[in-house]
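J.: Dropping the sequence and predicted coords here.
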Amino acid sequence: MVANDVGRFPTSQLFFMLVVVCSAAAVGLVIAKEKWIAFAAVAVLLLVIRWPVEVSLGTLALLLPFDSVRLFGGPGEGTAVTYFVAAFTAAVLLLTGFLQKRFVRPPIAALWWTLFVAWGAASYFWAVDPASVADRLLTAGSLLVLFLIAVSIRITETELHRVAVLCIIGGCAAAIIAARQYGGGLVGVHEQIGFRETLTMGGDETNPGQFASTLLLPLSLGISYLLSWRNWFYRIAMAAAVGVLSLSLLLTMARSSLVALLVVVLVFLIRMRANIRLIVSIGLLASLVFLMPALFFERLSTAVASGGAGRLEIWTVGLASLKQFGLFGGGLDNFPYVYDLYASYAPKYEGMHRGSHNIYLCFAVELGIIGLCLMLAAIWSHFRPLQDFRANRSRPPAQLIGIEAGCWAMLTAAFFIDVVWRKAFWFDWILLATAIATLQSARWRRRKV
């Protein structure tokens, strides 16, 4: 089977004809009986057969900003829709790997992430609250399984491009909905959120900082396509997408994502050098600041005085707890319980049972220096192949730069919000690993030809 046929269903012509005939008969039957749910299921099946990666991984990319949407329950209850989409993605990719013989050796990062989660599981035996470890392991294990399957599947350049475009579309859709809600007065109802843009679906309200973090990768990918596409129609469309995403991100008024946005710009400046298109793009992004309401500037001016909305007090308590928990940690997902033990160390009382708002301090406290090093090793192993890639090229592809910038932005935002056990965090690393493997494989094929 040639490389261009990787995205097709690798079966004999006879079997393919049988699939078409049976599918046509099924479609006709369900339409005749007006079984529309069955019709939708057959339609999805046909799409999966034809485009397995785009339908599975692309749908996940499309819906990541809607992680707060829940099914089978009221506000604050039920299961996130992305949970079912992630399970669907893992199942389709696994089946595709077997049927199309697409399995490849996973990157070394897969080993580090596995060790990281395994160390978290082991912390059950010395955790302050073992029940919290058990509860978190279900999420951690499912995210790890999704990651291991996704990075072990060979993906073509076309499929990677389509998944990236779907990621941008999903981000734009969420940004437009959130902006319309903000313009209509539907903003955060909690005092700590205030009049800031956020995404509200089915009565569930996404934390503005968390929502902004899901827009970082779509935004950086949009910038990469804006700088690389030559067709003016596509450029205008992508410029509009970048504008929508940037405006929505700024309206969340999440200071963490504002710093992350600066990191995105910095990565592009370093990787692509200064050129007229990049300078114009940065200028347009900067001009959006003049559209911000007064609260945006007020939050910036009070960032230090408020201690980052109480984060400095929380971090002081976390650092104090390292004297006891710095080696092995207090247990996965146990930062709030450790915080309660050392809450008196806070210069200003910020309540009890607080989250870390910093993944690096969080895992230093929860899993000790061993767990923190495992996480940092996993992250570094993702970026390490980029050095070899850049050594053989004058400039990396813009798409790869966009993915890398999105990952650096997520790591920057992670200094201020807890993101590790969210699907958007793991999707960044899935996309970076698959992009590197795909582009390296394509370069090898071109050399061989």
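T.: Arrived safely, thanks for sending. Numbers count the residues shown, from 1 in each chain.

J.: From Ala424, how far out is the closest residue in space to Ala378 that isn't next to it in sequence?
T.: Leaving aside its chain neighbours, Ala378 sits nearest to Trp112 (3.5 Å; criterion: CB to CB, 6 or more residues apart in numbering). Where C-beta positions appear, they are placed from N, C-alpha and C, glycine not excepted. The gap separating Trp112 from Ala424 is 20 Å, by CB to CB, to the nearest Å.

J.: same question, Ala346
T.: Ala346 is 30 Å from Ala424, by CB to CB.

J.: and what of Phe211?
T.: Phe211 is 10 Å from Ala424, where distance means CB to CB.

J.: Between those two, tell me which one has more neighbours.
T.: Phe211 (28 against 22; other CB atoms under 10 Å).

J.: Enumerate every residue touching the more buried one.
T.: Pro65, Ser68, Ala174, Ala178, Glu197, Thr198, Leu199, Thr252 (CB atoms under 8 Å, 6 or more residues apart in numbering).

J.: any idea which of those is closest to Ile401?
T.: Set against Ile401, the nearest of the contacts of Phe211 by CB to CB is Pro65 (21.9 Å).

J.: what are the phi and psi values for that closest one?
T.: phi -70, psi -10 (degrees, to the nearest 10).

J.: That one: neighbour count?
T.: Counted with other CB under 10 Å, Pro65 comes out at 31.

J.: And for Trp229?
T.: 15.

J.: same check, this time on the one 3 residues further on
T.: Using other CB under 10 Å, Trp232 has 8 neighbouring residues.

J.: do the one 4 residues further on as well
T.: Residues contacting Ile236 under the criterion other CB under 10 Å number 12.

J.: Which pLDDT value belongs to it?
T.: In the predicted model, Ile236 carries a pLDDT score of 89.

J.: before we move on, what SS does it have?
T.: The three-state label given to Ile236 by DSSP: H, G, I helix; E, B strand; the rest coil is helix.

J.: Surely Val128 is in a strand?
T.: No - read with three-state DSSP, Val128 is coil and lies in no strand.

J.: Please give me every residue in contact with the nearest residue to it once chain neighbours are set aside.
T.: Leaving aside its sequence neighbours, Val128 sits nearest to Tyr337 (CB to CB, 6+ apart; 4.3 Å). Listed by CB under 8 Å, 6+ apart, the contact set of Tyr337 reads Val128, Asp129, Ser132, Gly330, Gly331, His353.

J.: tell me, how many neighbours does the third one end up with?
T.: Looking back up the chat, that one is Ser132. If you count neighbours by other CB under 10 Å, Ser132 ends up with 20.

J.: List buried members of the contacts of Tyr337 by neighbour count.
T.: The neighbour-count test (16 or more other CB atoms under 10 Å) marks Val128, Asp129, Ser132, Gly330, Gly331 as buried among those.
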